[in-house]
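Visitor: sharing a model that was predicted from the sequence below.
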Amino acid sequence: MKRIENADMSEYTSFRCGGKADLLLIPDTPDELREALLEATGNNGASSEGEDKARGVLMLGNGSDTLVRDGGYRGTVIKLGDGFSRIEIKGDRVTAGSAALLSQVAKAAAAESLSGLEPLSGIPGSVGGAVFMNAGAYGGEMKDVLESVTALSIKTGEITEIPADKLDLSYRHSVFSDTGDVILSAKMKLTQDDKETIEARMKDFTDRRNDKQPLQYPSAGSFFKRPEGYFAGKLIQDAGLRGMSVGGAQVSEKHAGFIINTGGATASDIIHLMRLVQNTVYDQFGVMLEPEVRIVGEE
Ligand SMILES: Cc1cc2nc3c(=O)[nH]c(=O)nc-3n(C[C@H](O)[C@H](O)[C@H](O)COP(=O)(O)OP(=O)(O)OC[C@H]3O[C@@H](n4cnc5c(N)ncnc54)[C@H](O)[C@@H]3O)c2cc1C
């Protein structure tokens, strides 16, 4: 198992900023994962202390929806390694390890003429992160294709397969934010379609992203959740905040829903800008924007 002490989280998160984690462990097998959890929490979950101690563990996927504060993370970050990135296709079922990237899974599915992942193919996350967040785009979400998830209980170390309808999947939410269990793999049910048509749809979604999103800058995508009945980007734009910056953090000129790192932004710059946006939008429209980005670590 790979272990990195004082791991610089700017290297592991798409915002490219943030402090250091005390320890980063990269397990490649379920046994190594149990070992990592044991080391991080002081037990494998069998004791009743498991839940409290487990707060010192942060699961990280591709880091594309996570912002680590500048003081870093006092505890252990666990990122599943390549051993968890297998993609297996049988008939219309695709089973992908949590560390596989959504884009790789979508590509593999398209190669087998399987449709369903096209709208999600441009999301720069891992399968684990996409299940955790119930990631979605262009009218599709993980919930639409997910059949079941294999997860390791942080309390007992047991591995179980959980049907999708038991995962409490809703807008950017799954049961895993409550349980803290580790997602190992996801089984998706797709549908047969013409390969060229699938690839053309994927290209169309990619073109739309390139056209609308500031992809040349580090970010975590849309910073805020979509408030009921509104679009966060439109509210931010209408509040006159497009281009507003704090230090190296800026409300993107191209897409006001994105906060970008224009170079040298600290996590603190991003969080100050987030608060400025929240307060201004609230004062003007009475809507409190809630971050979609998971903000962790010490001030
Ligand atoms: C340019 C850009 C565009 C984006 N566009 C979209 C979009 O269109 N739609 C969308 O929904 N999101 C979008 N995002 C946000 C992000 O890519 C998604 O939320 C993605 O699903 C996060 O996956 P990740 O692996 O990077 O997660 P991370 O940021 O690593 O983790 C996210 C959460 O999942 C948890 N987690 C990760 N892996 C596991 C695991 N194996 N077991 C348990 N918990 C785990 C983490 O603890 C964390 O709380 C975008 C981001 C960027 C940078």
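Guide: Structure received. Numbers count the residues shown, from 1 in each chain.

Visitor: excluding its backbone neighbours, what's nearest Phe285?
Guide: Nearest-residue entry for Phe285: Leu235, 5.7 Å, with adjacent residues in sequence omitted and distances by CB to CB, 6 or more residues apart in numbering. In this view, the C-beta of every residue, glycine as well, is placed from N, C-alpha and C.

Visitor: surely the one you found is within a strand?
Guide: No - read with DSSP: H, G, I helix; E, B strand; the rest coil, Leu235 is helix and lies in no strand.

Visitor: residues contacting it?
Guide: Leu235 is in contact with 227, 281, 285, 287, 289, counting by CB atoms under 8 Å, 6 or more residues apart in numbering.

Visitor: give me every residue in the stretch 101-250 of the chain lying close to the ligand.
Guide: By CB under 6 Å from any ligand atom, the residues of the stretch 101-250 of the chain that approach the ligand are 123-126, 128-130, 132-133, 135-137, 176, 182-183, 213, 215, 219-221.

Visitor: how is the protein carved up into domains?
Guide: 2-82, 84-198, 214-296 (automatic domain parsing).

Visitor: got these as TSV, with mean pLDDT columns?
Guide: Shown next, in TSV, are the domains of the chain (pLDDT from 0 to 100):
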stretch	mean pLDDT
domain 2-82	88
domain 84-198	97
domain 214-296	98
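
Visitor: so can I have a markdown table of those domains showing distance to Arg208?
Guide: Formatted as a markdown table, the domains of the chain follow (distance: least, CB to CB, whole Å):
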| stretch | distance to Arg208 |
| --- | --- |
| domain 2-82 | 18 |
| domain 84-198 | 7 |
| domain 214-296 | 11 |
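
Visitor: figure out which of these is closest to Asp207.
Guide: Nearest to Asp207 among the domains of the chain is domain 84-198; the distance by CB to CB comes to 9.7 Å.

Visitor: just the element for Asp31, please.
Guide: helix 30-41 (DSSP states H and E).

Visitor: any buried residues in that helix, and which?
Guide: Residues of helix 30-41 classed as buried: 30, 32-34, 36-37, 39-41 (neighbour count, 16 or more other CB atoms under 10 Å).

Visitor: counting contacts, what elements does that helix pack onto?
Guide: strand 20-26, strand 57-60, strand 73-79, strand 146-152, strand 182-189 (3 or more CB pairs under 8 Å, 6 or more residues apart in numbering; DSSP states H and E).

Visitor: report the distance from the second one to the chain centre.
Guide: Using CA atoms, centre = their mean, to the nearest Å, we find the averaged C-alpha position of strand 57-60 to lie 12 Å away from the chain's own average C-alpha position.

Visitor: could you shift the numbering so residue one becomes 159, and keep it that way?
Guide: Happy to do that; since the first residue is 159 now, the last one works out to strand 215-218.

Visitor: and it, what does it pack onto?
Guide: helix 188-199, strand 231-237.

Visitor: three-state assignment of Ala288?
Guide: helix.

Visitor: mind listing what the closest residue to Thr349 other than its chain neighbours touches?
Guide: For Thr349, ignoring the flanking residues on the chain, the nearest one in space by CB to CB, 6+ apart is Ser273 at 5.3 Å. Applying CB under 8 Å, 6+ apart to Ser273 gives the contacts 267, 348-351, 355-356, 359.

Visitor: same deal with Val263?
Guide: 245, 252, 254, 275, 285, 346.

Visitor: perfect, I'm done here.
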